[in-house]
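Novice: How does the following fold in three dimensions:
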Amino acid sequence: EVQLVESGGGLVQAGGSLTLSCAASGFTFAVRAINWFRQAPGKEREGVSCIASNDGSTYYADSVEGRFTASSDNAKNTVYLQMNSLKPEDTAVYYCNTRIGATDYWGQGTQVTVSS
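Specialist: Predicted coordinates for the structure are as follows:
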């Protein structure tokens, strides 16, 4: 069974940092891309970052480029999202995601709240 479990969210002041984790199981982690999405209240879910577990290549949305860094620990089947210089507009539920075949798998999400 494919499972993605996020952790690390919380409340932080603007300018602060948080590191999110996404622990994966039930699939061959090292050959998959793992994505981070976020959804703020009243807004659509948006892509934040993508990391390819096989070679570590990354992609970032313009809104987080230079502030967020994705990394992967294949030995632990875990992907991280280091978030620095957080802004109130980064407040959202953050989800990790992977696609296997035609199926998208999602974690339960972790809340990040940035106070001004």
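
Novice: In contact with Ser17, which residues?
Specialist: The neighbourhood of Ser17, defined by CB atoms under 8 Å, 6 or more residues apart in numbering, consists of Gln82, Met83, Asn84, Ser85, Leu86. For glycine as for every other residue, the C-beta is placed from the backbone atoms N, C-alpha and C.

Novice: Give me the buried subset of the residues you listed.
Specialist: Met83, Leu86 (16 or more other CB atoms under 10 Å).

Novice: Show me which of the contacts of Ser17 is closest to Glu46.
Specialist: Met83 (14.6 Å; CB to CB).

Novice: partners of that closest one in the sheet?
Specialist: As for beta bridges, Met83 partners with Leu18, Phe68 under DSSP bridges.

Novice: now swap in Ser7 and tell me
Specialist: With DSSP bridges as the rule, Ser7 is bridged to Ser21.

Novice: Gly9 against Gln111, yeah?
Specialist: Yes - counting by CB atoms under 8 Å, Gln111 is a contact partner of Gly9 at 4.7 Å.

Novice: So the two - more neighbours on which side?
Specialist: Gly9 (19 against 12; other CB atoms under 10 Å).

Novice: Quick check: neighbours shared by Gly9 and Gln111?
Specialist: By CB under 8 Å, 6+ apart, the residues touching both Gly9 and Gln111 are Val93, Tyr94.

Novice: quick one, what contacts Gln13?
Specialist: Taking CB under 8 Å, 6+ apart, one finds Val114, Ser115 in contact with Gln13.

Novice: Which pLDDT value goes with it?
Specialist: With respect to pLDDT, Gln13 has a value of 98.
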